[in-house]
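1. Okay, structure incoming, though there's no sequence with it:
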């Protein structure tokens, strides 16, 4: 049965989080269409700016599904590796869009780091440099996934969060949390308030890919799955308020 917990703050988050990795789906940036929806990006940038103003260090990983999805291109007959590289390049366009809104509208210093070298538009991914940017109050946006085919941007988010020593992965979705089934198609779907990484994997719940969850489980990296479309939810998640679903692995 779905876990339900009343009140209180989440384990280890009574004072909020210090450094977070925000994972955004590319489909959201398109507002359900191909391309970038400026209204959506503006809303995301505003929420991030509010969090940064509170002194929280924010890193971001964005998908590229509003332009290309490697798996879908592969189904159409394209070679998998090439299709995945196209998807990686699509993520960089989203990174630049978010960077523009953060800097132009909110005056927040931002750095885009990519796993595929493209020196005219972004820095190469260097973990120590990324951490230094965060310490200086800059937002760091990671593009091009992990730079290799067969790995999703969900996995990139988990890997980056671990390597730059984040406290939590904030997995932003278009639904309120992790459900027993797709709430958009199953009216009887129930939401978990807390669940373990292992249970998500064993139940085959469609939250993120199994590689990302395995990485987080093996390294006890908590994940908060929440609804990005609710204004202010990024700030609520960072402060440790009880929203969405907390996915964690108990000690011992």
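-> Sure thing, it's come through. Remember, predicted model here, so these are calculated numbers, not experimental data. Numbering: from 1, shown residues only.
2. hey, let's count contacts and neighbours off CA atoms from now on
-> OK.
3. and the next element down the chain from the helix or strand containing residue 101?
-> If you go by DSSP states H and E, residue 101 is part of helix 80-106. Using DSSP H and E, the helix or strand that directly follows helix 80-106 along the chain is strand 110-114.
4. Go through the helix holding residue 101 and flag the buried ones.
-> 80, 83-103 (16 or more other CA atoms under 10 Å).
5. Now do residue 45: how many residues are near it, please.
-> 22 (other CA atoms under 10 Å).
6. swap in the one 3 residues further on?
-> The local packing count at residue 48 equals 24, with neighbours defined by other CA under 10 Å.
7. Touching, it and residue 236? I think so.
-> No. Counting by CA atoms under 8 Å, residue 48 does not reach residue 236; the two are 11.4 Å apart.
8. thinking again about what came up before, I'd like to check the angle between the helix holding residue 101 and strand 110-114, please.
-> Comparing the axes of helix 80-106 and strand 110-114 via axes from the mean of the first three to the mean of the last three CA atoms, to 10 degrees yields an angle of 170 degrees.
9. quick one: average pLDDT of helix 80-106?
-> The predicted model assigns helix 80-106 a mean pLDDT of 94.
10. now for it, which elements pack on it?
-> Judged by 3 or more CA pairs under 8 Å, 6 or more residues apart in numbering; DSSP states H and E, helix 80-106 is in contact with helix 26-29, helix 38-53, strand 57-62, helix 70-75, strand 110-114, strand 139-143.
11. what residues does the fifth one touch?
-> The reference is to strand 110-114. Residues outside strand 110-114 that contact it (CA atoms under 8 Å, 6 or more residues apart in numbering) are 92, 95-96, 99, 102-103, 121-126, 130, 133, 138-145, 147.
12. Also the last one?
-> For strand 139-143, contacts defined as CA under 8 Å, 6+ apart pick out 52, 57-62, 88-89, 91-92, 95, 99, 108-115, 125, 130, 133-134.
13. Could I get the contacting residues of residue 127?
-> Residue 127 neighbours (CA under 8 Å, 6+ apart): 163-164.
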